[in-house]
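*Asks:* below are the sequence and a predicted model; questions follow.
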Amino acid sequence: WLRMAEREAQALECRAFDRERLEAAIPELRALTRLAPDEFAPAMTAICASAGVALVFIPAVPRSQVSGAVKWLSPTKAMIGLSLLGRFEDRFWFTFFHELCHVLKHQKKLVFLDNEGGACDDADEAEADRFAADVLIPRGRLPELAFVRHTNEAVTAFASRIGVSPAIVVGRMQHEGWLPRSHLNGLKRRFMVKSHEQSE
C-alpha cells in the first residue's frame, strides 16, 4: 500500500515545500469538511500541492489496517497518503489532519504509518492526535459541545456554528463519551474518494 502511495505521489506536480503556506491553509482545508467528496478532494489536493505536499487517496489493501501515511519523497516534497479505511468522514478528516501534523512538526527522515486502531504511545503520534482534534474542534468549544443535546438538529446547529461537518461533531462526542457510539451515526457520511489515477 505504501509503495502504491509513493508511486502516485511521485507523479503529482507540487511546488517546493512551504511550511508557512501550509499552516496558513489549515482554515481553508478545515472548511472543506462540509463539502461532498467530488468537491473537497480536488480542492484539498490542489491546496496541498501548492505547499509542497502530494496528497493521494489509495484504497485500503485487504487485511491491512493502514489509515494514513506520511513520507518525505525529497527534501522539498512530502507525501500524505490516505487509505479511506472505514470510509466514514469523521475518521477520514481526523486522519488527514493527523498526517498534516507529521508533515508540519516532525522529522523528515521518519516514515509515519498510522493504523485504524489509533495512535500508539509515541510522543509524535500523541501530538498528531491532539493537533487533529484541536483543528477540527478547538479546545475552547469543548465545554459547549459537552452540553449539546443528542439530536440531529442540535448537533447540526453546533457544527454550523463552528464551521465543520456534523459528522466531526458526532465523532468527537462519541470519542469523549458524551454520546453513545450507537447514536446519531446517520449524520456520518460514508464515501469513497477516487485516486488521481482512477480520476484520469
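*Replies:* In hand now; what should we look at?
*Asks:* after the biggest strand by length in the chain, which helix or strand is next?
*Replies:* What stands out as the longest strand in the chain, according to DSSP state E, is strand 66-74. Using DSSP states H and E, the helix or strand that follows strand 66-74 in sequence is strand 77-82.
*Asks:* who does that next one pair up with?
*Replies:* Sheet pairing of strand 77-82 (DSSP bridges) gives strand 53-57 (parallel), strand 66-74 (antiparallel).
*Asks:* who touches it?
*Replies:* 1-2, 5-6, 9, 14, 16-17, 48, 52-58, 67-73, 92, 95-96, 99-100, 103, 108, 193 (Cβ atoms under 8 Å, 6 or more residues apart in numbering). From N, CA and C alone the C-beta is placed, and that goes for glycine too.
*Asks:* which secondary structure elements does the longest helix along the chain sit against?
*Replies:* Using DSSP state H, we find that the single longest helix of the chain is helix 89-105. Helix 89-105 sits against helix 19-24, helix 26-31, strand 66-74, strand 77-82, strand 112-115, helix 123-136, helix 166-176, with contacts defined as 3 or more Cβ pairs under 8 Å, 6 or more residues apart in numbering; DSSP states H and E.
*Asks:* as CSV, those with mean pLDDT, distance to Ser182 and mean neighbour count would be great.
*Replies:* Formatted as CSV, the helices and strands packed on helix 89-105 follow (pLDDT from 0 to 100; distance: least, Cβ to Cβ, whole Å; neighbours: other Cβ atoms under 10 Å):
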stretch, mean pLDDT, distance to Ser182, mean neighbour count
helix 19-24, 98, 37, 13
helix 26-31, 98, 27, 14
strand 66-74, 95, 22, 21
strand 77-82, 97, 26, 25
strand 112-115, 85, 24, 19
helix 123-136, 96, 22, 17
helix 166-176, 97, 9, 22
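*Asks:* out of the ones you listed, which gets nearest to Phe158?
*Replies:* Evaluated over the helices and strands packed on helix 89-105, closeness to Phe158 peaks at helix 166-176, with 5.7 Å, by Cβ to Cβ.
*Asks:* in PDB, list the C-alpha atoms belonging to the closest one.
*Replies:* The C-alpha trace of helix 166-176 is given here as PDB (Å, rounded to 0.1, in the frame of the first residue of the first chain):
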ATOM      1  CA  PRO A 166     -21.800  17.400  11.600                       C
ATOM      2  CA  ALA A 167     -20.100  14.000  11.400                       C
ATOM      3  CA  ILE A 168     -17.000  15.500  13.000                       C
ATOM      4  CA  VAL A 169     -19.100  16.700  15.900                       C
ATOM      5  CA  VAL A 170     -20.700  13.300  16.300                       C
ATOM      6  CA  GLY A 171     -17.400  11.500  16.200                       C
ATOM      7  CA  ARG A 172     -15.900  13.800  18.900                       C
ATOM      8  CA  MET A 173     -18.900  13.500  21.100                       C
ATOM      9  CA  GLN A 174     -18.700   9.700  20.800                       C
ATOM     10  CA  HIS A 175     -14.900   9.700  21.400                       C
ATOM     11  CA  GLU A 176     -15.300  11.800  24.600                       C
END
